[in-house]
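Asker: Predicted model, plus sequence, below.
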There are 2 protein chains.
Amino acid sequence: MSSRFAGLTPLLAPRSVAVLGASSDPTRISGWPIAYMKSQGFQGGLYPINPNRSEIQGLKAYASIADVPDVAIVAVASEVAAAAVDDLGKKGVKAIVMFTAGFAEMDDAGAVAQAKMVATARSYGMRILGPNCLGVFDARRSYYATFSSSFDSGWPVPGRIGIASQSGAYGTHLYTLARNRGIGASLCVMTGNEGDVTVGECIGWLAENPEVDVIAVYAEGIREAPGLIAALEAARAARKPVVMQKVGRSELGTKAAKSHTASIAGDDAVTEAIMNEFGVFRASNSEQMLDIAHTATRKIYPVKNTLGVITVSGGAGVLISDVAETLGLSMPEMPVDAQKRLRELVPFCAPRNPVDATAQVSNDVTLVKTFTESMVRDGGYSAVLGFFSMTASSRRWPAIKEQLNAVKDENPGRLYALSVIVPPEGRDELEADGWVVHEDPTRAVVAIDAMGRFGEAFAKPVGAAAPNVGAVTLPGVTPTEAEAKRILGAAGIASAPEAACADVEAAVAAAERFGYPVVMKILSPDILHKSEIGGVLLDVSDAAGVREGFALLLSRARDAAPSARIEGVLVAKQLKGGVECIMGIMRDPVFGPIAMFGLGGIFVEILKDVVFRRCPFGPDVAEEMIRSIKGAPLLLGARGRKKADVKALAETLSRLSAFAVAAGPTLQSIDLNPVFAMPEGEGAFAVDAVIEVG
Amino acid sequence: MSSRFAGLTPLLAPRSVAVLGASSDPTRISGWPIAYMKSQGFQGGLYPINPNRSEIQGLKAYASIADVPDVAIVAVASEVAAAAVDDLGKKGVKAIVMFTAGFAEMDDAGAVAQAKMVATARSYGMRILGPNCLGVFDARRSYYATFSSSFDSGWPVPGRIGIASQSGAYGTHLYTLARNRGIGASLCVMTGNEGDVTVGECIGWLAENPEVDVIAVYAEGIREAPGLIAALEAARAARKPVVMQKVGRSELGTKAAKSHTASIAGDDAVTEAIMNEFGVFRASNSEQMLDIAHTATRKIYPVKNTLGVITVSGGAGVLISDVAETLGLSMPEMPVDAQKRLRELVPFCAPRNPVDATAQVSNDVTLVKTFTESMVRDGGYSAVLGFFSMTASSRRWPAIKEQLNAVKDENPGRLYALSVIVPPEGRDELEADGWVVHEDPTRAVVAIDAMGRFGEAFAKPVGAAAPNVGAVTLPGVTPTEAEAKRILGAAGIASAPEAACADVEAAVAAAERFGYPVVMKILSPDILHKSEIGGVLLDVSDAAGVREGFALLLSRARDAAPSARIEGVLVAKQLKGGVECIMGIMRDPVFGPIAMFGLGGIFVEILKDVVFRRCPFGPDVAEEMIRSIKGAPLLLGARGRKKADVKALAETLSRLSAFAVAAGPTLQSIDLNPVFAMPEGEGAFAVDAVIEVG
C-alpha cells in the first residue's frame, strides 16, 4: 500500500519480528508471541532476543538486534522501556509493540515518561503501538504480537473483518465472540494507551488494506482528529463499512474511561456527530457490532433498501414488521398480480409481505422456491429474510433449504438472510452457501437495515462547500453583545435590525425604517441589568409610542441611576411569528469547532433535542441538521403552522460554521440564543449573541 | 389448585388424554402427540381414538370415547370439527386441544363457524384451546398435546419458566431458544385463534401453578380484559415476574396481526399501559425475554437494586457503566475505607466500581475472593456482575472460579451474574453453581436491572382508591361544550370560571367576581365559529373594557349574522401563567375507558409525549402518570419556572378516570384540551371540554 496510512505496515503486517527479552516459557508474557507464531507458522523472520540463551522455544536466540526487524515486541519492565526504545531506534527498527504497562494509565509521572519515550521513538521515525497494549494479531499471516489468552480456546476464523480496539480486554472479547460464531475476523489491533499509534490510524490502515472489507471499532475516547477523519474518509471512499462501539456515553462511563485509560475523552456527542458525518454505524453492544459487521461482509449496500420476508408458518411476521417500521426499513407489499398468482397456488397463503407459504409446503416443497422467487423477481426486494426458526432443525429442512438455495443462486446481487435455530455445523454450512444466519429475527432486521444505511452513506454526494465568510479577526477579549453582532453581521449572520439612537428623532426614524412593533432599551455602559430598572419596552407600536417611550426610558434611568452615562436608546425590530431556535459553537479539544442547532426554550433545556456537526459545512448539511431534530415539524409547517424560513436558517448555520473555523483557535464558543426563524422568505435573525474569546 | 384459573387444569395438566383420529404414522399431525407422549413416558391415560384400528403405535385404539378423558386432541378436518366438539361434549370431556385450522383466521364464514363451535363447547362446560393452535406441552408430566416439530432437535430442559404464546410458531421458537441455551422452560401453551381459552387465562393458570416461578408471554393482541387483569394481579400477588413480548406495535405490525390471527388487536399503547400498571416487563426481542426470564428464576427481586462489577482486566467497565446509567441502574462507589484497603493490597487496582483487581490475580488468585467479598460485604450490592469474557475459557479460570464460588456460597441472597465466553458445558456448570451466565455484558446489565423493576413492582403499595364522583347520567346525544363542562363540574372536574351574561351589568359583575383579565365570547346557538366574526375578545382588563366589549360583540354579531338569536355574552376568567396540558378518555374495545395525559400543544402533536392508564385510579397514580412524561420538568419548576399545581392536576385526572367508569358504556371519549395547570395552590381548569356519547 502506498498512501497516508502505509507507515503502519511494518507494525501491522511485518516481514520480520523480534521479541525483546523473549522467554523460553510459552506461558509467560514474553514467551507467548513466539509460541503463537511458531505454532501457527509465521512465514517471516522471528528473532527471540535474549543475551542469556542460545535457543528459545526451539529458535536460535540473539544477544541483541542483528538483522533489523520490522517490528520489535517489548515487554520489559517500565523502568527500562525507554532505554530499550532508544536502542531499538538506533538499530533502525521500524516499529514497536509495547506490552509494558505503568505509563499514562497510572499517574502523571507515567504520562511524562510515556511522552518522552514516544518522542525518542519519533526522533528515529519509529512507531509505537501502546504502551500498555495487548498488541496485534493477523491470523492470515500468523502474526501474533500479543499476549492475549484468547487463543487458549481456539484460533481465529479467516475472514474479511478487521478489528481496531482501544481496549485490549474488549478487543479480544469481540474477536472471541466472532470466532465462536464462525465469523471471520482475522486481524485485531489493540492500541492501549495510544502514546503514538491511534485507533484512527489503524482504521485508516484497515481501510487501505485490500484483505479487509469491513472495519469493527471499539473506542473509549478519540485522542487525535486528523487521523480519524482521514481514516473515515478513506473507508467511505473504499466503500468499507465502519461499525463502531463507542463507550463513555454516560457521565459515569466517562469517569470510568478517564480512570481506566487516562483518556481525555472528547464529548460523546461530538464523536457521535463525527460518526453520523461519515456514515459510521454506532453499535449499541458487541452482538450488534458483530451482526452488522458480519452481514456487511456480503458487500450488499443498497441505496434504497427494501425487505421481503418469507416464512412457512406465520407468527414472526408481525414481530419483523414492528422492528422494520421502528427502524424505517421499507417492507413494500408484493405487486398485486404476483399476490394473485400466489393465492391461486395456495388459496390461504399470505402473499403480501411478510409472505407465508403456509404448511402447504409439506405437501409440495417446490412452493418454497416458487414463493421466494416471486419475491425476488416480482417484489424486487434488495434483502430477503427467511424466518424458519426451529424448522431448520427439523426433518423437513434439507428439502426446504435446497429450494431456497436454488433461488439464491439464480438471483445474485441481493442480501439473503435466514433467521433459524440450528447447531453450529448447520449454521456454518448455510453461511458457506452464502446466507447470513441469525438466530433472532429482530437482530436480523437490524443488521439488514444497517446495510441500507451504509448504502446511503456511500452514495451521498459530497456536500456543498461552506460559505466564504472572508477573514475574521476576533478582538483579544470577549466582545460586547453589540460588537459580537457586528462581527457576525460582517460574516453574513444577521441579527434583528437595531440602531443605537442618541435622540428621539433618530429613534422614530429607526422604528419607521424597521417597521412596527419595535423594542426599545436604555443604552448606558453603566446600566447592565436593564429590565430591573424598567429599561426595556416591548410592543411599541407607533411613532407616538416611540416618542413617549424614549422619554420614559430616560426618566427611569435618571431615577434609578442618577450618575449613569446615558448614550440614548437602542431601537430594535420586534420579531413576531418566528420560531425560537438556538445555534452555537463549542470548541472540542480534539475535533475543534463543533456547531450545535436546536429549537429554543424547553426543547433544548428539557428535551435535549439538539444536533451537532463538525465545522465548517455548507447550507445543505445545515438544512439536514435542522431537519433531523425531533421538533423539526415545528419549523416545517406541521399542523397548519406557517413554514419557517429554513433556507435562511440553514444559510445562517453554515455561515456560523465557516465563521468558527475562520476565527481560529482563540474562539472558545458562540451562543446565538435565541435565533428567530421567521416565516418563509422573511429570514432568520439572532436576537442575542455571545462570542467567548480565550 | 382451587381458584379463578383452576378450570384450565384439565386442559393444561390432564390426567388422561384422548387423540381423536389418532394416526399410526408418528410423522403425521395426529400421530405426533402419541409418539411424543409414548417416548417421553406420559403417566396418565392415553387413548388413541380410531374406529378403523385396534392398535395405534403399540397402544390399544378405541372406536370412540369410552373412559372420559380430561382432554381430547382434535386434528380432524374443519368441516367435521363442530360435530366432533358436540360429540365430545356429550361424552363429558372437559377440554379440547384443537389443531384444526380454517376458522376465524381465514374469513368471516370461518369466524362464524368458530363462534358456533365454541358456543357448543360452552354449553357442555367444555374448554377449547385453539382452534388453529399448536397446542400445549409440559415436559415435567411428559404431556405433549402438540404437533410442533421442535422436538426433532431435542427435548425441553426442566425448569421453572412457563411460556404462554398466542403464536405457535413463536412459542416454539422461544422454547427452542431456551432449550438450546440450557434454560429451563418446561411448559409452553399456544393459544392460536383463542376462540375460547385466552393467553390471559393461561398466564393466570401459570401464576397459580406452584411449579412455575416466571412467566414468559408472546402476544399479538389481547382479546379479553378481565382474564388478563386477574392473571396479572395473581402473578403480582404471587411475586412471579411476567416478561411479555407484545408485537403489533407499529401500524404495519397491526395490519399483519389482523391478517394473521384475525385479531382485533387493542391499541398497542393501551396494552403497554396495562403492562406498566402491573409491572410486566416488555421485552423488545426474544433474547431479552429469555435473558430476563432466566435471570428471574433466581428469585432475587431487590426493591433497591444496586450493581457492583468485578473484573480482572478493565476494559468493559466503561461499557457496563454506560448501560447502567442509561437504564437508571445504580452503581454506587465502594465505601472509601474499603477502597483504601483494596488499594493497599494492589496499589494500581481500580477499587471504585467497577472494581478491577488487575492482572495481579495471576500472582495471587485469592485476590479475586478478597476483592469480590469486599464488594458484597462492604459495597452491599444487591447484584454482582463479574466480567471475565474469554478469561473464562483460559487456563487461569478454574482457580478464579473457585474463588468466586466461595464468595457466592458464603453470601447468599444476592444475584450473582457472569459475563463470560464459555462453551455450553462450562456455562451449564456455572449455572448449576448458581451463577446467571451471559455472554454479552450489555445483556447482563439489562437483565439485572429488570430484577429491580420487578422488586419495585412487587413492593408497590396498592394505590389509593379512585375518587367517588357520584352517579353520572350522560345525555343521549353528545352534549354542548357548556353542558359538558357542567356535567364534569358536578363530578369535581373544574373548568375555568365562566358565566353566560344576558346583559352588560351581569357581564361586569361576573368579571369582577372572577378577577381580571377576562375573555368575552358572543353567545348564540346560531354562531358556531365565533372567532371568524370577531366574536371573541381576549385580555379584557377592567369594567370599562367589559362594557365596551359587550357592545362591540353585539354589534359585530348583528353585522355578521343579522338573523342569529343572540343570548348575550359569555364571560370567562382568562387563565394566565398556567401550563397547557391535555387530558382525555378513549374507550378501548377490550379494556374499556383509558385515560390519557400529556402536555398541550407541540408536546402532544409532535413529540407524542403522553401517558395512558386504565380507568379508574386514585390521585397517587394520576400524579405518577403526570411525573412520568418527558416534559414533566415543565410542571415541576425546572429552570426557575413556577411549580404548577400538580396536586390539583392529579386530582382532576383521577376524577376524570372515575367519571369515565361511572358514565358507563355509552361514553365514547372525552377531550379536555387544554387543561391549564395553574401555579401551585391555584388549581387546574379545563378550558375546553368535549364529551362524545355514542
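Answerer: Sure, I can see it.

Asker: residues contacting residue A:126?
Answerer: Listed by CB atoms under 8 Å, 6 or more residues apart in numbering or on different chains, the contact partners of residue A:126 are A:85, A:88, A:89, A:93, A:94, A:95, A:96. No exception for glycine: its C-beta is placed from N, CA and C like everyone else's.

Asker: again with residue A:94
Answerer: Here residue A:94 is in contact with A:10, A:11, A:14, A:70, A:71, A:125, A:126, A:127 (criterion: CB under 8 Å, 6+ apart).

Asker: Just the buried subset of those, please.
Answerer: A:10, A:11, A:14, A:70, A:71, A:126, A:127 (16 or more other CB atoms under 10 Å in any protein chain shown).

Asker: and the helix or strand containing residue A:431, is it in reach of chain B?
Answerer: Assigned by DSSP states H and E, residue A:431 falls within helix A:424-433. No. With CB under 8 Å from any CB of the partner chain as the criterion, chain B is not reached by helix A:424-433; the gap is at least 9.8 Å.

Asker: CA atoms only for that helix - export them in CSV, please.
Answerer: Extracted C-alpha coordinates of helix A:424-433, given in CSV (Å, rounded to 0.1, in the frame of the first residue of the first chain):
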residue,chain,number,x,y,z
PRO,A,424,-23.1,-24.5,14.7
GLU,A,425,-22.4,-27.0,11.8
GLY,A,426,-25.7,-26.2,10.2
ARG,A,427,-25.0,-22.5,10.6
ASP,A,428,-21.6,-22.8,9.0
GLU,A,429,-23.0,-24.7,6.1
LEU,A,430,-25.6,-22.1,5.4
GLU,A,431,-23.1,-19.3,5.7
ALA,A,432,-20.8,-21.1,3.2
ASP,A,433,-23.8,-21.3,0.9
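
Asker: In strands, which of the contacts of residue A:126 appear?
Answerer: Taking DSSP state E as the definition of strands, the contacts of residue A:126 contribute A:95, A:96.

Asker: okay, among the contacts of residue A:94, which ones form the most distant pair?
Answerer: A:14 and A:125 (15.6 Å; CB to CB).

Asker: Averaged pLDDT, stretch A:601-619. What do you get?
Answerer: Stretch A:601-619 comes out with an average pLDDT of 85.

Asker: measure that stretch end to end?
Answerer: Between the opening and closing residues of stretch A:601-619 there is a gap of 24 Å (CA to CA, to the nearest Å).

Asker: Could you do stretch A:351-370 as well?
Answerer: Stretch A:351-370: ends 12 Å apart by CA to CA.

Asker: By proximity to chain B, which residue of the stretch 51-200 of chain A wins?
Answerer: residue A:169 (2.9 Å; CB to the nearest CB).

Asker: Is that residue part of a helix or strand, or is it coil?
Answerer: helix (DSSP: H, G, I helix; E, B strand; the rest coil).

Asker: okay but it is in contact with residue B:316, surely?
Answerer: Yes. Assessed by CB atoms under 8 Å, residue A:169 is found in contact with residue B:316 at 6.4 Å.

Asker: and for these two, which residues touch both?
Answerer: By the contact definition CB under 8 Å, 6+ apart, residue A:169 and residue B:316 are jointly contacted by residue B:389.

Asker: nearest residue to the residue of the stretch 451-600 of chain A found nearest chain B other than its sequence neighbours?
Answerer: Residue nearest to chain B within the stretch 451-600 of chain A: residue A:599 (9.1 Å; CB to the nearest CB). Counting by CB to CB, 6 or more residues apart in numbering or on different chains, residue A:631 is the residue found nearest to residue A:599 once chain neighbours are left out, at 4.4 Å.

Asker: do you know how far that neighbour is from residue A:646?
Answerer: Note on residue A:631: its distance to residue A:646, by CB to CB, to the nearest Å, is 13 Å.

Asker: likewise residue A:150?
Answerer: Distance from residue A:150 to residue A:646, by CB to CB: 52 Å.

Asker: And the two? Which one has more around it.
Answerer: With neighbours defined as other CB atoms under 10 Å in any protein chain shown, residue A:150 and residue A:646 compare such that residue A:150 has more, 26 against 21.

Asker: Which of the three states applies to the more buried one?
Answerer: Strictly by three-state DSSP, residue A:150 counts as helix.

Asker: Mind listing what's buried along stretch A:663-679?
Answerer: Those would be A:663, A:667-679, for stretch A:663-679 by 16+ other CB under 10 Å.

Asker: how about stretch A:321-335: buried residues?
Answerer: Across stretch A:321-335, burial judged by 16+ other CB under 10 Å covers A:321, A:322, A:323, A:324, A:325, A:326, A:327, A:329, A:330, A:331, A:334.

Asker: Touching, the second one and residue B:247? I think so.
Answerer: Yes. Counting by CB under 8 Å, residue A:322 touches residue B:247, with 5.2 Å between them.

Asker: how close does the nearest residue to residue A:319 once chain neighbours are set aside get to residue A:313?
Answerer: Among residues not flanking residue A:319 along the chain, residue B:247 sits closest, at 4.5 Å (CB to CB, 6+ apart). To residue A:313, residue B:247 is 15 Å away according to CB to CB.

Asker: These two: which is more packed in?
Answerer: residue B:247 (27 against 24).

Asker: Kindly confirm whether my reading is correct that the more buried one touches residue A:324.
Answerer: No. Using CB under 8 Å, residue B:247 makes no contact with residue A:324, being 11.8 Å away.

Asker: Could you pull up the contacting residues of the residue most central in space within chain A?
Answerer: Nearest to the geometric centre of chain A sits residue A:275, at 1.7 Å (CA atoms, centre = their mean). With contact taken as CB under 8 Å, 6+ apart, residue A:275 is in contact with A:244, A:246, A:281, A:282.

Asker: do the same with residue A:187
Answerer: Residue A:187 touches A:12, A:136, A:137, A:138, A:139, A:140, A:162, A:163, A:206, A:209, A:211, A:212, counting by CB under 8 Å, 6+ apart.

Asker: can you check residue A:487 too?
Answerer: Residue A:487 makes contact with A:472, A:474, A:479, A:691, according to CB under 8 Å, 6+ apart.

Asker: can we see that at 7 Å?
Answerer: A:479, A:691 (CB atoms under 7 Å, 6 or more residues apart in numbering or on different chains).

Asker: circling back: tell me which residues are up against the helix holding residue A:431.
Answerer: A:182, A:392, A:405, A:418, A:437.

Asker: As a check, name the ranges of all helices in the stretch 501-650 of chain A.
Answerer: All helices of the stretch 501-650 of chain A, identified by DSSP state H, counting those that start in this stretch, fall at A:504-514, A:543-560, A:602-605, A:619-628, A:646-662.

Asker: quick check: domain ranges of chain A?
Answerer: A:1-134, A:148-297, A:307-459, A:497-573, A:579-693 (automatic domain parsing).
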